[in-house]
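Participant: no sequence on this one, just coordinates:
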């Protein structure tokens, strides 16, 4: 159990504090939460700037005549004193969710220094040097992530103090707005640390709680953000000179794990990308209630598997690996990790890449902004991914946007539809072969054969309908087709 907690802690560290785009998305998500606490857009800018100096305002200054530097602490204000008084730092994500792993990294960082002469005498000492550097780096990233949390909560405290709230009420308003991670009961805390538990259960439960509060008390604050996304849809339809219905057909064009997001979470940009394609911006990671809304939609649609995924019941690293190894598919995207037709060496390399993607910070693997941007600069991104899965690659501009946590996906609906339809035809051929074999099996009784025939006809009709719908997607409005940007 203790090992599972350590693994979960490392995994959270890799996917959140050690991944700069995730930090950027969390900052934007917290700003949305601040508006739901009653702050206007201008208030968000004003009070975040005011609180910044209380957290990040320290600096190094030279002592005149000595050449030495001294650390000058940030100028603390009333919000800082209130936060300190009520123990704000003890109720943050970093303290509540990653205490164990932070402690381990701090212990590693405290180990005695190793000199180059020590390494020369014993080359194996290099592992100790790397371990100490890793511990020190991870500790600093964790501390800075906590400071970001504190910074934005101080902004909410300052705002509510100016509205006439008492010290305690302002503090509690900040805790309600940006989540108090100490609120989880004992059972939930145990489950998020369990070997098969949900590492990010805390956020889902707290977001669901806050969603209910705002929906019940201040529904218009949520309607504002929904209206904002619908204005983007209307603006994109206007600039492309098409009807809203024509544009919404493109919503099915991205890969399935992206296309299943709701219309307010995946919005079309009014401008084309550098290759003349329509692009969709993914807002689901920026909007704090994205998972909650998707969960409600899945309950309505009866998609039990998706409900379980939203709660993160299969998000534990060990469970993810077990599902992947048993099914051969990436649990998140649903795509095959490798192809059985590939040579053994390539299959093994695909699995190594998968395990690296799952265990490392996204920023450092092939899913991260640096790698994607490099491929785009070298003009290899599109070539590598256009045919496989029918998903167009990103442009250089979209690559740089990912450094800020903004993921945009360009679409080539005609190509995507044709590739997906072809894959469905292969699936149909495989299904026909399987049913033929089972129906002709002499060990089956006549009644079993009839049941198989009925089942086959239903599956065939369903898949055939999906193929026709996918081919229909290729028949898009001429104004939404790829434009030649080189003219």
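Facilitator: Looks like it arrived, so ask away. All values reported here derive from a predicted model rather than from experimental measurement.

Participant: Poorly predicted segments of the stretch 151-300 of the chain, please.
Facilitator: Low-confidence segments of the stretch 151-300 of the chain (pLDDT under 70): 182-185, 188-201, 255, 291-292, 294-300.

Participant: Next: the stretch 1-150 of the chain.
Facilitator: Applying pLDDT under 70 to the stretch 1-150 of the chain flags residues 1-9, 57-75, 89-139, 142.

Participant: Flag every buried residue along stretch 323-332.
Facilitator: Within stretch 323-332, the residues that qualify as buried are 324, 330-331, counting by 16 or more other CB atoms under 10 Å. All C-beta atoms are positioned from the backbone trio N, CA, C, and that covers glycine.

Participant: would TSV of those with secondary structure, pLDDT and distance to residue 148 be doable?
Facilitator: Shown next, in TSV, are the buried residues of stretch 323-332 (DSSP: H, G, I helix; E, B strand; the rest coil; pLDDT from 0 to 100; distance: CB to CB, whole Å):
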residue	secondary structure	pLDDT	distance to residue 148
324	helix	84	32
330	coil	83	30
331	coil	77	29
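
Participant: out of the residues you listed, who's nearest residue 147?
Facilitator: Using CB to CB, residue 331 comes nearest to residue 147 of the buried residues of stretch 323-332, at 32.9 Å.

Participant: How about the most centrally placed residue in the chain: what's its closest non-neighbour residue?
Facilitator: Taking CA atoms, centre = their mean, the centroid of the chain lies closest to residue 285, which sits 5.4 Å from it. Take residue 285 and drop its neighbours on the chain: the residue closest to it by CB to CB, 6 or more residues apart in numbering is residue 25, 4.8 Å away.

Participant: before we move on, the earlier item: surely the residue nearest to the centre of the chain is in contact with residue 29?
Facilitator: Yes. Contact between residue 285 and residue 29 holds when scored by CB atoms under 8 Å: they sit 7.4 Å apart.

Participant: how about residue 266, phi and psi?
Facilitator: phi -130, psi 100 (degrees, to the nearest 10).

Participant: roughly how far apart are it and residue 232?
Facilitator: Counting by CB to CB, to the nearest Å, the gap from residue 266 to residue 232 is 10 Å.

Participant: again with residue 187
Facilitator: Noted for residue 187: a distance of 41 Å to residue 232, by CB to CB.

Participant: just residue 404 next, same as before
Facilitator: Taken as CB to CB, the span from residue 404 to residue 232 is 18 Å.

Participant: what about those two, which has more around it?
Facilitator: Taking neighbours as other CB atoms under 10 Å, residue 404 and residue 232 compare with residue 232 leading, 17 against 14.

Participant: who's in contact with that one?
Facilitator: Shown in contact with residue 232 (CB atoms under 8 Å, 6 or more residues apart in numbering): 267-270.

Participant: Could I get these in CSV, plus columns for neighbour count and secondary structure?
Facilitator: Below are those laid out as CSV (neighbours: other CB atoms under 10 Å; DSSP: H, G, I helix; E, B strand; the rest coil):
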residue, neighbour count, secondary structure
267, 22, strand
268, 23, strand
269, 17, coil
270, 16, coil
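
Participant: what's the farthest-apart pair in those?
Facilitator: Using CB to CB, the two most remote members of these are 267 and 270, lying 9.7 Å apart.

Participant: Check the contact lists of those two and give me the overlap.
Facilitator: Residues within reach of residue 267 and of residue 270 at once, by CB under 8 Å, 6+ apart, are 232, 236.

Participant: Please enumerate the helices of the stretch 201-350 of the chain.
Facilitator: With DSSP state H, counting those that start in this stretch as the criterion, the stretch 201-350 of the chain has helices at 201-217, 219-239, 244-249, 256-259, 290-301, 304-310, 317-327, 344-359.

Participant: For residue 426, find the nearest of these.
Facilitator: Comparing the helices of the stretch 201-350 of the chain by CB to CB, helix 256-259 comes nearest, at 16.2 Å.

Participant: what comes up buried for that closest one?
Facilitator: Residues of helix 256-259 classed as buried: 258-259 (neighbour count, 16+ other CB under 10 Å).

Participant: Pretty sure the residue nearest to residue 285 sits in a helix.
Facilitator: Yes. Residue 25: assigned to a helix according to DSSP: H, G, I helix; E, B strand; the rest coil.

Participant: Surely it and residue 405 touch.
Facilitator: Yes. Look at residue 25 against residue 405 with CB under 8 Å: they come within range, at 3.7 Å.

Participant: Mutual contacts of the two, please.
Facilitator: In terms of CB under 8 Å, 6+ apart, residue 25 and residue 405 are both contacted by the residues 285-286.

Participant: which residue packs closest to residue 222, ignoring adjacent ones?
Facilitator: The shortest distance from residue 222 to any residue other than its chain neighbours is 5.8 Å, reached at residue 214 (CB to CB, 6+ apart).

Participant: What's the local residue count around residue 56?
Facilitator: Based on other CB under 10 Å, the number of other residues close to residue 56 is 13.

Participant: which parts of stretch 226-242 are buried?
Facilitator: Of the residues in stretch 226-242, 229, 232-233, 236-237, 240, 242 count as buried by neighbour count, 16+ other CB under 10 Å.

Participant: Just the buried residues of stretch 395-409, please?
Facilitator: The neighbour-count check on stretch 395-409 (16+ other CB under 10 Å) flags 395-396, 398-403, 405-409 as buried.

Participant: which residues sit against it?
Facilitator: In this structure, residues lying in contact with stretch 395-409 by CB under 8 Å, 6+ apart are 20-25, 28, 254-255, 258, 269, 273-275, 279-282, 285-286, 368-369, 372-377, 381, 391, 394, 410.

Participant: Could you tell me the end-to-end distance of it?
Facilitator: With CA to CA, to the nearest Å as the measure, stretch 395-409 spans 9 Å from end to end.

Participant: export the contacts of residue 232 to TSV and tack on distance to residue 481?
Facilitator: Compiled in TSV, the contacts of residue 232 are given as follows (distance: CB to CB, whole Å):
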residue	distance to residue 481
267	20
268	14
269	16
270	17
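
Participant: List the residue ranges of the stretch 301-450 of the chain that fall below the pLDDT cut-off.
Facilitator: Low-confidence segments of the stretch 301-450 of the chain (pLDDT under 70): 301-316, 381-392, 416-417, 419.

Participant: all strands of it, in order?
Facilitator: Per DSSP state E, counting those that start in this stretch, the stretch 301-450 of the chain carries strands over the ranges 407-410.

Participant: mind listing what residue 476 touches?
Facilitator: 246, 249-250, 413-414.

Participant: which residues does the closest residue to residue 240 other than its chain neighbours contact?
Facilitator: Counting by CB to CB, 6+ apart, residue 240 lies nearest to residue 479, which is 5.3 Å off, once chain neighbours are set aside. Residues counted as contacts of residue 479 (CB under 8 Å, 6+ apart) are 240-242, 246.
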